[in-house]
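> need a structure here:
(one chain, ligands or ions: 1)
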Amino acid sequence: MRKSIIVCGDVHFRSRKPKKRIDDFLTTQILKLSQMLFYCENNNAPLIIAGDIFDTAVEPYWLCSMVANTIMSFKVDIFVVAGQHDLRFHTKGLKNTPLGLMLSSELMFLLEDKPDLIQDQVVYGKSWEDETPEPIEKGAILVTHEMVVENDKLFPGQSSHQYALSLLRRNPKYKLIISGDNHRPHIVKRKGQINLNCGSMMRSSKDQKDYKPCFYDVDVETMDIKKIPFEIEPFDIVFDLSMIDKEEEQKDRIDFSEYVKSIEIKNDNERPEFRTILKEVIEEAKANKRVKSIITNIMENIKNESC
Ligand SMILES: [Mn+2]
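Residues are numbered from 1 along each chain as shown. Down below sits the predicted model:
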């Protein structure tokens, strides 16, 4: 019989639905959790979540209760590491957080640098910004919450990431590294090692239009990985596309209202000099040379006339 662990990442349980989602987001989240737990129970397998179980450390009690009730309706062990979203102000310690509550009530178990034996496998955990535990023997499993990318950075200028291949190369004693944080999934293999990055459970923005969220069934003996798609509605059923279209239209227009709001004027003495504001706006808007020279000329003319 297949001996497996069921794996997912970045669940992000949240009480407030993302902008533009028009479905019953709460029910959708609970249904997905139920789908996974149902699968685990039927396959007699534990669930491992690679961090960011809750979206914020201030999710309300009623959301925690719904999650707890769902977990209690199944007989499944859940092992987790903490992501930065699980922490209060992204600082260490789970006291006074929804995840802390799940752990103290033993609805979830925290994987740490002292290994757990799960399905006869030695499993270590590395929560966000923890040190990578060094396994005693080869062939261990690591569950980690850190930014691992397959090939490309997620956005230009991203620096706090690492590449899947180099992560595997640097940690040869792990046969499987399950990672969360990067919401884009990948499976990267290297000389008998695997990095499984699970991706997010929910679609929360228009960038995920073609994204099909999944969880994974990993056979711990053969390392065969089965991808199990979450049951989802088509994108245009759960997202307000008209709002997205409008946003696309406005994409190239730069909105300075936030910047203007940020210039709080209490009295005339504190009013920033007009030239300073103009200069900052030009910088923000990345104005081209022609625009810059027109503005400079006008400013020169104003200066000359006022002299
Ligand atoms: Mn996340």
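
> now the residue in the stretch 101-250 of the chain positioned nearest to the ion. Its backbone dihedrals?
The shortest separation between the stretch 101-250 of the chain and the ion is 5.5 Å, found at residue 181 (distances taken as Cβ to the ion). The C-beta positions use only the backbone N, C-alpha and C, and glycine is treated the same way. Note on residue 181: its backbone torsions stand at phi 120, psi -50 [degrees, to the nearest 10].

> how many residues are close by it?
Other residues within reach of residue 181, judged by other Cβ atoms under 10 Å, total 24.

> in the stretch 1-150 of the chain, which spans are strands?
Using DSSP state E, counting those that start in this stretch, the strands assigned to the stretch 1-150 of the chain run over residues 4-8, 47-49, 78-80, 109-110, 116-118, 121-126, 140-145, 148-149.

> any chance of CSV for those, columns distance to residue 14, mean neighbour count and mean pLDDT?
As requested, those are arranged in CSV below (distance: least, Cβ to Cβ, whole Å; neighbours: other Cβ atoms under 10 Å; pLDDT from 0 to 100):
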stretch, distance to residue 14, mean neighbour count, mean pLDDT
strand 4-8, 16, 24, 97
strand 47-49, 15, 27, 98
strand 78-80, 17, 22, 98
strand 109-110, 21, 16, 97
strand 116-118, 28, 15, 97
strand 121-126, 23, 22, 98
strand 140-145, 17, 26, 98
strand 148-149, 23, 22, 94
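
> which residues touch the residue of the stretch 51-200 of the chain found nearest the ion?
Of the stretch 51-200 of the chain, the residue with the smallest distance to the ion, taken as Cβ to the ion, is residue 52 at 3.6 Å. Neighbour list for residue 52: 9-12, 83-86, 145, 180-181 [criterion: Cβ atoms under 8 Å, 6 or more residues apart in numbering].

> quick one: contacts for residue 220?
Remark: with contacts taken as Cβ under 8 Å, 6+ apart, residue 220 is in contact with 3-5, 119-121, 141.

> ok, back up a step: what subset of the contacts of residue 52 is buried?
With neighbours counted by 16 or more other Cβ atoms under 10 Å, the contacts of residue 52 contain buried members at 9-12, 83-86, 145, 180-181.

> can I get those residues in TSV with distance to residue 160?
Output for these, formatted as TSV (distance: Cβ to Cβ, whole Å):
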residue	distance to residue 160
9	17
10	16
11	22
12	19
83	14
84	11
85	15
86	18
145	13
180	15
181	10
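
> so which of these are in helices?
Taking DSSP state H as the definition of helices, the buried ones among the contacts of residue 52 contribute nothing to them.

> closest one of those residues to residue 279?
residue 84 (35.4 Å; Cβ to Cβ).

> residues of this structure that sit close to the ion?
By the criterion of Cβ under 5 Å from the ion, the positions of the chain lying close to the ion are 10, 52.

> residue 189 falls within a helix, correct?
No. The assignment for residue 189 by DSSP: H, G, I helix; E, B strand; the rest coil gives strand, which leaves it out of any helix.

> now do the contacts for it.
With the criterion set at Cβ under 8 Å, 6+ apart, residue 189 makes contact with residue 195.

> just give the nearest non-adjacent residue to residue 59, would you?
Setting aside the residues directly before and after it, residue 59 is nearest to residue 98 in space (Cβ to Cβ, 6 or more residues apart in numbering), at 4.9 Å.
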